[in-house]
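Q: Provided below are the primary sequence and the corresponding predicted coordinates.
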Protein chains: 4
Amino acid sequence: MHFFSDNATPVSPPVMAAIIAADRADHGYDGDGWSARLDGAFSNLFETQVSAMWIGSGTAANSIALACLCPPYGGVICHEEAHIVADECGAPGFFTHGASLMALPGNGAKLTPDAVAARLKTIRPDVHQQPASAISITNATEYGLVYAPQEVAALGEIAKAHAMGFHMDGARFANAVVHLGCAPADVTWRAGVDILSFGCVKNGGMIGEALVFFGEAGEARAAQAARWRKRSGHLFSKGRYCAAQILALLEDELWLANAGAANAAAQALALAASDRLLHPVQANELFLRLTSAEAARLRAQGFDFHDWGEGAVRIVTNWSQDAQSVAPLARALVALGDPA
Amino acid sequence: MHFFSDNATPVSPPVMAAIIAADRADHGYDGDGWSARLDGAFSNLFETQVSAMWIGSGTAANSIALACLCPPYGGVICHEEAHIVADECGAPGFFTHGASLMALPGNGAKLTPDAVAARLKTIRPDVHQQPASAISITNATEYGLVYAPQEVAALGEIAKAHAMGFHMDGARFANAVVHLGCAPADVTWRAGVDILSFGCVKNGGMIGEALVFFGEAGEARAAQAARWRKRSGHLFSKGRYCAAQILALLEDELWLANAGAANAAAQALALAASDRLLHPVQANELFLRLTSAEAARLRAQGFDFHDWGEGAVRIVTNWSQDAQSVAPLARALVALGDPA
Amino acid sequence: MHFFSDNATPVSPPVMAAIIAADRADHGYDGDGWSARLDGAFSNLFETQVSAMWIGSGTAANSIALACLCPPYGGVICHEEAHIVADECGAPGFFTHGASLMALPGNGAKLTPDAVAARLKTIRPDVHQQPASAISITNATEYGLVYAPQEVAALGEIAKAHAMGFHMDGARFANAVVHLGCAPADVTWRAGVDILSFGCVKNGGMIGEALVFFGEAGEARAAQAARWRKRSGHLFSKGRYCAAQILALLEDELWLANAGAANAAAQALALAASDRLLHPVQANELFLRLTSAEAARLRAQGFDFHDWGEGAVRIVTNWSQDAQSVAPLARALVALGDPA
Amino acid sequence: MHFFSDNATPVSPPVMAAIIAADRADHGYDGDGWSARLDGAFSNLFETQVSAMWIGSGTAANSIALACLCPPYGGVICHEEAHIVADECGAPGFFTHGASLMALPGNGAKLTPDAVAARLKTIRPDVHQQPASAISITNATEYGLVYAPQEVAALGEIAKAHAMGFHMDGARFANAVVHLGCAPADVTWRAGVDILSFGCVKNGGMIGEALVFFGEAGEARAAQAARWRKRSGHLFSKGRYCAAQILALLEDELWLANAGAANAAAQALALAASDRLLHPVQANELFLRLTSAEAARLRAQGFDFHDWGEGAVRIVTNWSQDAQSVAPLARALVALGDPA
């Protein structure tokens, strides 16, 4: 049973059905009927007028968002373990033409207002230093922690006070919203977020994520992003297959159902390994203290997962699982006994 | 009946079947079993050891190829109506970090050795001018003309003599090969091509093209391209769905069958409109002299296509058609009578 | 006697005197007293409030200007023989992060409104093509022709009508103004120019040109340009030596006196070779029909100049010459007799 | 008396004399006689064949060096307080097209082999992470500390073992060499350095630094750097004025004499304030514990310097001073009495 990553899963059946339903001739690029419905679908979801578009990958979505918010000579305040820092081979530098990532530490890959404010104080306004032009956070974080609306808002206020843009990497946005039980609006634009990378692939999609632009500047930024999308080779000629996937996830709240299943699976495992948790489990990732012998024991039973440094492992649940289907791993974890 | 573009078509059924067959958990990115088979499949096809990878779009494939062949301070000799010049919003400039496209005129969007040689003579070797670092051609061209092996080889010799890279945009490579009836190798590496953008989407794919790297430097270039792919957000986390499409096109020569159908459809139309042709019809595109009244008459009968400037139209056939299925348009063209 | 280029000359004595006068401790970068006077000096010269700064070279000045006017996905309409196209090793592509130069033909390296308007019509507004974001002209041109105020204004109107920026490469702006006898304002901001590269080095300076920002957007663009200047390594730590040179050129109209001497020298030579002129002589450059035997005869007498293709040469006069000092070359030209 | 920075000083008299001596017509750019002598002069200095060129500023020199050593998708290991990180407005990101600076902590802005080795261990070799492609150190550091030859060599061995380039920012290289009393070769190429930014402006120059390329790859890198220099607008048309400055500094070991004077001045002050030193004084910078009242007392006596955070100041001596000329400040420091 795979617990490597939620990006290695198959496609959620309604998403595949939507792909097949889109399999007929239509206009190319984003001139098709599915793409045309994205603005409306996301405006409904977020209870406000937004601009939305499909983008090939989360890396591209994040980078294009940052390129809309940060000039080449600027910087983006983010966590040092953020995906944009650690796992995108410098894509933000490519898309922004050399802007810097101003990486900060913080528990569970969360940025705190204090840390951001302290960093801002170190930057001189002269031309020798790069101004901080944007803040980027990941929700849920790379360690499966979730920013609550008031936590996002606290960062949003700093962004606003310093005329900085505010981006949220929502590769696991659905998992965060399910955990919070709040309106998607509460944890995004109502808390000051300007652009959201709305994750689909980890939550049952095949190829394609969504970028959502909020606020007054949203439409102009989306127009600019459309240029970056083309320029970076992400304007697929059969874009309707991306749009259809996204619409399928939004329909009947499939995106929440899928994330809910993954979160429930994670909770079941967290309960079974409560004394091994390195971080609270709020979304669909668990980081566990596990000796290499213990890890080997689990693997021998057919459970696969990544090591996470010395004496720890990462376990990721996904939309195709639930509390019941991961029960074998839960039992195996309990059977390991007390941690060393 | 749509004749707008071959990129607006549905997906070829065996390709869709392959996508569905790939719909099970596997390793992410290009760590899956399908992606691993690409090198071998293309090595068989090209009768030599090559490196191959999937890339999200033709624009990205072309640009990454050029980034492997041309430094930021260099230039790429190409046709002034090439897709990389006219339809990619400057993507080559983005991926190469500012290299120039050295655009030349030429009938039917074809580069001639004489034109290339003449352009090379104008470039001083000093640091004030950009050196020509690569040649890029499109086969079949944007006007549906096909470079024969000896034509490619003549350009390949110039490239080699001047230590330039040689890229072929093969968005419609299949249509070219079908027209030529030659081995794919004859019109690529045997003629000096270093990197080929092997088109899939226009020929029945959904999302994803292939980049094929030839020659001794191929493997190192592919390793570099893998960095560009990640860095530009084109390393999809469920890449197996791209790889599976490409493999499906190669299997049982589906790629040639699909292109053959499109070419046959184009020939049927060319026969019907032989006195209106602006260019010889060799692949799956027709450029016809047509008054706006004539165009309107056809459109009134349900045939859709793009205008191509004043008094001309472009008609593109595709894999889902053949001589028989386009017979209605052929008859309608004949019924227009002699051109004005 | 050198007629290679006006950039190979020594420094005008008052400029050297100003450098020596600036040779005392002051604040670094552009925090010194000389740099602080640039805005005022150029505001006086141009009879309006402008922002001005020193930049290390004309290439940097041009590129930074274009980076202020054109996004990475845009294009700059310019002449195909413009310095930015032919002699800067792609610097505009570097500074703009990949914007395209949309090069047009035209006699004497001059852009015509008709040519610009025709080019604009070919650009579709969709995301597949790069929008034309700026026009750049050189005054005097690379062939020594001068745009009159009304000619500049005609281009300026097109720029304004299409929301494009308008840049003037004034490497030989002084020579143009002397030829026109107009106010500097007439041929720049009153004619719609947004940013001027004000040339100094060819006109008696050592190192350093000026960028002048006009209009309402000028101050914001200058602030942005200050970032580019730092980021490209052009914010010299002892910038006062640049500022002092520029101020020396402006003082007592030295810039006009120097250009006047060069222009007068060119006129004297033009008179002597009137039946050999390939272009009218309006500034300080002559392009002459000359067989290689004739060129050799002149060189044997100690006159040095560049060939300009087959059967032609380029002769450039400079601030250190005048009609009298170039009389030997004038006589030698006359002595060649009628052209072949 | 200014102690703000060594970059605010006037020009060393022999340098100014050399500028004046170069004030006659010669070939443009770097085609002149002075530029041609740089390779030889630096080859003598470093006791091996090197390639050398002038560059407008230290920021440009550093960035061009890094662009020669690090691909756009790579990273440069450096100190978090290095000039390239803190004071160049992201110039390395601009010139390298988005490479990352991998900044490490360390006392006195020095990198340690252990810190570098530990950082290297965190980088996975997959395409998701940027490889460390180069190491860059500053000698003397931004805190006036000097790397000894064996310290440089220890880093050079790591660089070599990991196929990384090795750059030294030598803005104050002269001060370091004077402190060490070693051959310039010992602390550069013999210790594995590939490219040196050889500082001139802080040591008595006006405008222009030198880049020195060592080793087998040096010539090819220099050829590439010449492209970057042009492309970034740093190939001044009257480059001989830069070359002449550099040659003047090398002649009769003026560069060592100037740095020796600055270092001696710093030692005199260090002696006077030995109980206030935040870092050992090895070059020409002092960082002193000083209350704001104490700082005010010194400033009231005419001594100017920058604050360095709370309760500390930075004092920089320069080539125009020596132990005797800074004696007034030394006395004033002593007169402050014991530190609080």
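A: Thanks, I have the structure now.
Q: looking at this, A:Gln150 is in a helix?
A: Yes: using DSSP: H, G, I helix; E, B strand; the rest coil, the assignment for A:Gln150 is a helix.
Q: what's the burial count for it?
A: By other Cβ atoms under 10 Å in any protein chain shown, the residues close to A:Gln150 number 10. All C-beta spots, glycine's among them, are computed from the backbone N, C-alpha and C.
Q: do the same with the one 5 residues further on
A: Applying other Cβ under 10 Å, we find 26 residues neighbouring A:Leu155.
Q: residues in contact with it?
A: A:Leu155 makes contact with A:111, A:113, A:116, A:135, A:137, A:147, A:166, A:191-192, according to Cβ atoms under 8 Å, 6 or more residues apart in numbering or on different chains.
Q: mind telling me what element it is part of?
A: Per DSSP states H and E, A:Leu155 falls inside helix A:149-161.
Q: ok, and for that helix, which residues are buried?
A: A:149, A:151-156, A:158-159 (16 or more other Cβ atoms under 10 Å in any protein chain shown).
Q: format the residues you listed as a markdown table; extra columns: distance to A:Ala323.
A: Shown next, in a markdown table, are these (distance: Cβ to Cβ, whole Å):
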| residue | distance to A:Ala323 |
| --- | --- |
| A:Pro149 | 27 |
| A:Glu151 | 27 |
| A:Val152 | 28 |
| A:Ala153 | 32 |
| A:Ala154 | 33 |
| A:Leu155 | 33 |
| A:Gly156 | 34 |
| A:Ile158 | 38 |
| A:Ala159 | 38 |
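Q: would you convert the residues you listed into CSV that also reports pLDDT?
A: Putting the buried residues of helix A:149-161 into CSV (pLDDT from 0 to 100) gives the following:
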residue, pLDDT
A:Pro149, 98
A:Glu151, 98
A:Val152, 98
A:Ala153, 98
A:Ala154, 98
A:Leu155, 98
A:Gly156, 98
A:Ile158, 98
A:Ala159, 98
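Q: which of those lies closest to chain D?
A: A:Ala159 (20.2 Å; Cβ to the nearest Cβ).
Q: just give the nearest non-adjacent residue to that closest one, would you?
A: A:Phe166 (4.1 Å; Cβ to Cβ, 6 or more residues apart in numbering or on different chains).
Q: show me what from chain A comes close to chain D.
A: A:72-73, A:75, A:86-90, A:93-94, A:96-101, A:127-130 (Cβ under 8 Å from any Cβ of the partner chain).
Q: could you pick out which of these are near chain C?
A: Applying Cβ under 8 Å from any Cβ to the residues of chain A next to chain D, those adjacent to chain C are A:72-73, A:97, A:127-128.
Q: closest to chain B out of the residues you listed?
A: A:His97 (8.7 Å).
Q: so that closest one sits against C:Pro71, correct?
A: No: here A:His97 does not reach C:Pro71: they are 10.6 Å apart, not a contact under Cβ atoms under 8 Å.
Q: which residue ranges of the stretch 1-150 of chain A form helices?
A: Secondary structure of the stretch 1-150 of chain A (DSSP state H, counting those that start in this stretch): helices located at A:13-21, A:33-36, A:38-46, A:58-69, A:83-86, A:91-95, A:113-121, A:149-161.
Q: which one of those lies closest to D:Ile246?
A: helix A:91-95 (32.8 Å; Cβ to Cβ).
Q: would you mark the buried spots in the closest one?
A: A:91-95.
Q: average pLDDT for it?
A: Per-residue pLDDT over helix A:91-95 has a mean of 98.
Q: how far off centre is that helix?
A: Put simply, helix A:91-95 sits 17 Å off its chain's centre (Cα atoms, centre = their mean, to the nearest Å).
Q: rounded mean pLDDT for the helix ranked longest in chain A, please.
A: Taking DSSP state H as the criterion, chain A has its longest helix at helix A:254-272. Across helix A:254-272, the average pLDDT comes to 98.
Q: center of chain A, which residue is that?
A: Nearest to the mean C-alpha position of chain A, by Cα atoms, centre = their mean, lies A:Ala171 at 1.8 Å.
Q: still on that earlier bit, more neighbours: A:His97 and C:Pro71, which one.
A: Per other Cβ under 10 Å, whichever of A:His97 and C:Pro71 has more neighbours is A:His97, with 22 against 19.
Q: give the contact list for the more buried one.
A: With Cβ under 8 Å, 6+ apart, A:His97 has these contacts: A:67, A:72, C:72, C:97, D:93-94, D:97-98.
Q: could you do A:Ala159 as well?
A: Residues near A:Ala159 by Cβ under 8 Å, 6+ apart: A:134-135, A:165-166, A:192, A:194.
Q: determine which two of the residues you listed are furthest apart.
A: Longest span within the contacts of A:Ala159, Cβ to Cβ: A:Ala134 and A:Gly192, 11.9 Å.
Q: for those two, indicate the residue with more neighbours.
A: A:Ala134 (26 against 22).
Q: go ahead and confirm the more buried one touches A:Gly74.
A: Yes: applying Cβ under 8 Å as the test, A:Ala134 and A:Gly74 come out as touching, 7.2 Å apart.
Q: re the thing from before, shared neighbours, A:Ala134 and A:Gly192?
A: A:159, A:166.
Q: in the stretch 101-250 of chain A, what residue is nearest chain B?
A: Relative to chain B, the nearest point of the stretch 101-250 of chain A is A:Gly233 (2.8 Å; Cβ to the nearest Cβ).
Q: and the ones next to chain C among the residues of chain A next to chain D, which of them are buried?
A: Judged by 16+ other Cβ under 10 Å, buried ones among these: A:72-73, A:97, A:127-128.
Q: pick out the most distant pair among these.
A: With distances taken as Cβ to Cβ, the most widely separated pair in those is A:His97 and A:His128, at 19.0 Å.
Q: so what's the residue in the stretch 51-200 of chain A that chain B sits nearest to up against?
A: Nearest residue of the stretch 51-200 of chain A to chain B: A:Ala60, at 2.8 Å (Cβ to the nearest Cβ). A:Ala60 makes contact with A:91, A:95, A:209, A:229, A:232, A:234, B:232-234, according to Cβ under 8 Å, 6+ apart.
Q: of these, which belong to helices?
A: Those of the contacts of A:Ala60 lying in helices (DSSP H): A:91, A:95, A:229.
Q: part of a strand, is A:Glu219?
A: No: secondary structure of A:Glu219 (three-state DSSP): helix, not part of a strand.
Q: for chain D, see how far away it is.
A: Distance of A:Glu219 to chain D, computed by Cβ to the nearest Cβ, to the nearest Å: 28 Å.
Q: run a quick neighbour tally on that residue.
A: Look at A:Glu219: counted by other Cβ under 10 Å, it has 14 neighbours.
Q: next, the contact list for the closest residue to A:Ile20 other than its chain neighbours, please.
A: Spatial nearest neighbour of A:Ile20, excluding adjacent residues (Cβ to Cβ, 6+ apart): B:Met16 at 7.1 Å. By Cβ under 8 Å, 6+ apart, the contact set of B:Met16 is A:20, A:23, B:206.
Q: okay if I get those as TSV plus neighbour count and pLDDT?
A: Shown next, in TSV, are those (neighbours: other Cβ atoms under 10 Å in any protein chain shown; pLDDT from 0 to 100):
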residue	neighbour count	pLDDT
A:Ile20	16	97
A:Asp23	20	96
B:Met206	27	98
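Q: of those, closest to D:Leu271?
A: Using Cβ to Cβ, these come closest to D:Leu271 at B:Met206, 76.0 Å.
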